[in-house]
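Asks: Sequence unavailable; structure follows:
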């Protein structure tokens, strides 16, 4: 059985560099009737746990460690027993939110995470954050991009630990090589496709 993808939108506050912004986050739950992974445990552990139900959570995967993507991760991990996985380059960002609680495991470029018989491959895509990753599932034809790529272009790079030329390089070299019909599921807002964003990328500012 191929995994299915569920979307939960949670709301809260993004905090960085002394600023605060109200945000809605996409939480992605990928799996079947018995097991799932949770991608980006944002804001509301209760709401995420309600959607998961009695299914086993194999991992809580973080696309990056900005607080609005990880603030519910420790509580969800405590409730489910699932490990929190983060790319080690983002530990400096993680520690801004959870200095007292380390992630449980590292994500690495090329690593495969399997749930419900479906493989998802980790793609290290720095730029929005140094340890930002995307998850690609050829079987599902889906790419989960966190805040690396949105409908309309790259994620924000105007704050600490981010860099515009780096995110553009990540997108062009790692993501635009995927099939054009790949569905992009983002960290905020509506989805898109690789083909649509590739076609629009000629209008991006120079890196």
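Replies: Thanks, I have it. Since the model is a prediction, treat every value here as computed from it, not as a measurement.
Asks: could you pull out the helices for the chain?
Replies: Here the chain has its helices, by DSSP state H, at 45-52, 67-70, 73-80, 91-97, 164-170, 194-200.
Asks: Just name the most buried of these.
Replies: Most buried of those by mean neighbour count (mean count of other C-beta atoms under 10 Å) is helix 67-70; its value is a mean of 25. Where C-beta positions appear, they are placed from N, C-alpha and C, glycine not excepted.
Asks: contact partners of it?
Replies: 12-16, 23, 25, 40-43, 62-63, 84, 86, 94, 96-98, 146-147, 187 (C-beta atoms under 8 Å, 6 or more residues apart in numbering).
Asks: hmm, try it at 7 Å
Replies: 12, 14-15, 23, 25, 40-43, 62-63, 94, 96-98, 146, 187 (C-beta atoms under 7 Å, 6 or more residues apart in numbering).
Asks: Just the buried ones among these, please.
Replies: Buried subset of the contacts of helix 67-70 (neighbour count, 16 or more other C-beta atoms under 10 Å): 12, 14, 23, 25, 40-43, 62-63, 94, 96-98, 146, 187.
Asks: closest to residue 206 among these?
Replies: residue 146 (23.9 Å; C-beta to C-beta).
Asks: per-residue confidence for the closest one?
Replies: On pLDDT, residue 146 comes in at 98.
Asks: hey, what's it bridged with?
Replies: Here residue 146 sits in beta bridges with residue 186, going by DSSP bridges.
Asks: So which residues of this structure form strands?
Replies: Along the chain, counting by DSSP state E, strands occupy 4-16, 19-31, 35-39, 56-61, 84-86, 105-106, 112-115, 118-124, 133-137, 142-146, 149-150, 153-154, 183-186, 192-193.
Asks: Pull up the pairing partners for the first one, direction included.
Replies: For strand 4-16, the pairing partners within the sheet under DSSP bridges are strand 19-31 (antiparallel).
Asks: got the buried residues for the partner strand?
Replies: Buried, per 16+ other C-beta under 10 Å, within strand 19-31: 23, 25-31.
Asks: orientation of it relative to strand 118-124 in degrees?
Replies: Taking axes from the mean of the first three to the mean of the last three C-alpha atoms, to 10 degrees, one finds strand 19-31 and strand 118-124 inclined to each other by 150 degrees.
Asks: if we look at strand 19-31, which residues are touching it?
Replies: 3, 5-14, 36-43, 48, 51-52, 55, 68-69, 115-116, 144, 185-188.
Asks: mind running it again at 8 Å?
Replies: 3-15, 36-43, 48, 51-52, 55, 58, 68-69, 115-116, 118, 120, 137, 144, 185-189.
Asks: That strand vs strand 56-61, what angle?
Replies: 140 degrees.
Asks: Could you find the closest non-adjacent residue to residue 127?
Replies: residue 167 (2.4 Å; C-beta to C-beta, 6 or more residues apart in numbering).
Asks: Tell me, what's the model's pLDDT at that neighbour?
Replies: So, for residue 167, pLDDT stands at 98.
Asks: Next, the contact list for it, please.
Replies: 125-128, 148, 154-155, 157.
Asks: now residue 191
Replies: Counted by C-beta under 8 Å, 6+ apart, residue 191 has contacts 151, 183-185.
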